[in-house]
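Chemist: Sequence plus the predicted model coming up.
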Amino acid sequence: MRYIEPHAHMVSRTTDDYQSMVVAGCKAVCEPAFWAGFDRSSVNGFYDYFCQLTDYEPKRSAKFGLPHFSWLCINPKESEDLVLAREVIAMIPDFLDRENVLGIGEIGLNKNSRNEHTILEEHVNLAAENNQLILVHTPHLEDKLKGTKLIVDLIKNDSRIDPGRVLIDHVEEHTVKYVMDAGMWGGLTLYPESKCTSPRAIDILEAYGADRLWMNSACDWGVSVPLAVPYAAQEMRRRGYDDDILDKVFFQNPMKFLSQCENFTVRG
Amino acid sequence: MLTPKEKQNSVELYFMESRAKLIDIAAFMDRVERDGLTDDFRYQAFLDALKELHSEKRAENVLVSLSDPTAEPIPAATTKAACGAWPEKPK
């Protein structure tokens, strides 16, 4: 089968992971900017990270024949510091013309604080002013429901944003309806303990349809599985789904959303 | 809605896996009780969430039960981590 990995933090992964993904049928990998596991001490740390995402990592990926794309932002875990966050946001336009950049992401909320909310709003404004796609991280565990509502409401209130150009990631059974009803896309993240297991992700597809949902591994430096997407495809086969449906869910759906950015060109 | 062309028997597919998870939950509860930790707010939230197994939309309602029900942003983030249950839930 062929698939697109629409959310993976490959800077945290090994070359073995690239090799396994390509062998499993991965045709492109997309990497949102995220938290490094520690707070950067200055805007210069983000400058270096954006260079890594738009220059070094695509070259590393290309060694395995895998096209690499990236999203840029300051993640919500580091948005509590408004001064730093605004310095980073001011720098992002300098990187938007890099050829592998897809848009602004993964922005969003973490603990649903006022400062996180302010920086989310400023990221959305940046996307609107520069006609960029938006990829949104929703909070973890007990904070997800409230955070998803705050995020969806904030974006809906900005009339410049086409909801079909927004993907709200890490949806689960209690948040997916808000996203679908708003006309946005949803991401189902496949994690061993938090977020969704493969059977639950498929349950959500069965309840809400496969038109505006994709699956991703969001593999990073924590407990995560870089091959979670092809494993989920195998789970769908166990349930009786044929190759046409698998191709729609795992290749055509991410292709449809991501192709709204002209930088996203992938050969099937 | 999405349905497979050849729908499989979900009990055949998932009973053994779910049986194992159910026994793990039972063993977890035994362990917490044995260790005298039943007052922990996370365990109390866990017990509350179990009640949702008798509702419709069980997965959705379990998740809602473990969620922060408030609507306004908090003044400031004092931690980056989530713990899986809302600490301020009334006992």
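Modeler: Alright, I've got the coordinates.
Chemist: gap between the lengthiest helix in chain B and the chain center?
Modeler: The helix spanning the most residues in chain B, taking DSSP state H as the definition, is helix B:10-34. Counting by CA atoms, centre = their mean, to the nearest Å, helix B:10-34 is centred 13 Å from the centre of its parent chain.
Chemist: what comes up buried for that helix?
Modeler: Buried residues in helix B:10-34, counted by 16 or more other CB atoms under 10 Å in any protein chain shown: B:Val32. Where you see a C-beta, it was placed from the backbone N, CA and C, and this is true even at glycine.
Chemist: wait, does it make contact with chain A?
Modeler: Yes - using CB under 8 Å from any CB of the partner chain, we find that helix B:10-34 touches chain A at B:13-14.
Chemist: Can you name the next helix or strand after that helix?
Modeler: Sequence-wise, the next helix or strand downstream of helix B:10-34 (DSSP states H and E) is helix B:41-50.
Chemist: Does anything pack onto the next helix or strand after that next one? Which helices or strands?
Modeler: Next in sequence after helix B:41-50, counting helices and strands by DSSP H and E, comes helix B:58-65. In terms of contacts (3 or more CB pairs under 8 Å, 6 or more residues apart in numbering or on different chains; DSSP states H and E), helix B:58-65 is packed against helix A:144-156, helix B:41-50.
Chemist: So what's the gap between the shortest one and the chain middle?
Modeler: Centroid displacement of helix B:41-50 relative to its chain, using CA atoms, centre = their mean, is 8 Å.
Chemist: ok, residues contacting that helix?
Modeler: Contact with helix B:41-50 is made by B:32, B:37-38, B:62, B:65-66, B:83-87, B:89, B:91, as judged by CB atoms under 8 Å, 6 or more residues apart in numbering or on different chains.
Chemist: among those residues, who's most crowded?
Modeler: B:Leu66 (23 neighbours; other CB atoms under 10 Å in any protein chain shown).
Chemist: Model confidence at that residue, what's the number?
Modeler: B:Leu66 carries a pLDDT value of 98.
Chemist: With A:Asp17 instead?
Modeler: A:Asp17 is given a pLDDT of 98.
Chemist: would you turn the contacts of helix B:41-50 into TSV with distance to A:Ala62?
Modeler: Below are the contacts of helix B:41-50 laid out as TSV (distance: CB to CB, whole Å):
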residue	distance to A:Ala62
B:Val32	50
B:Leu37	51
B:Thr38	55
B:Val62	44
B:Ser65	47
B:Leu66	43
B:Cys83	41
B:Gly84	40
B:Ala85	44
B:Trp86	45
B:Pro87	46
B:Lys89	50
B:Lys91	56
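Chemist: Could you point out which of these is nearest to A:Ser159?
Modeler: A:Ser159 has its nearest neighbour among the contacts of helix B:41-50 in B:Trp86, at 33.3 Å by CB to CB.
Chemist: Make sure that closest one is indeed in a helix.
Modeler: No - looking at B:Trp86 with DSSP: H, G, I helix; E, B strand; the rest coil, it is coil, so not inside a helix.
Chemist: isn't it right up against B:Leu66?
Modeler: Yes - B:Trp86 is in contact with B:Leu66 according to CB atoms under 8 Å; the separation is 7.0 Å.
Chemist: Quickly list what's touching both of these two.
Modeler: With contacts defined as CB under 8 Å, 6+ apart, the residues adjacent to both B:Trp86 and B:Leu66 are A:142, B:45.
Chemist: Give me whichever of the helices and strands packed on helix B:58-65 is most buried.
Modeler: Of all those, helix A:144-156 carries the top mean neighbour count, a mean of 22, counting by mean count of other CB atoms under 10 Å in any protein chain shown.
Chemist: Thanks again, I'm all set now.
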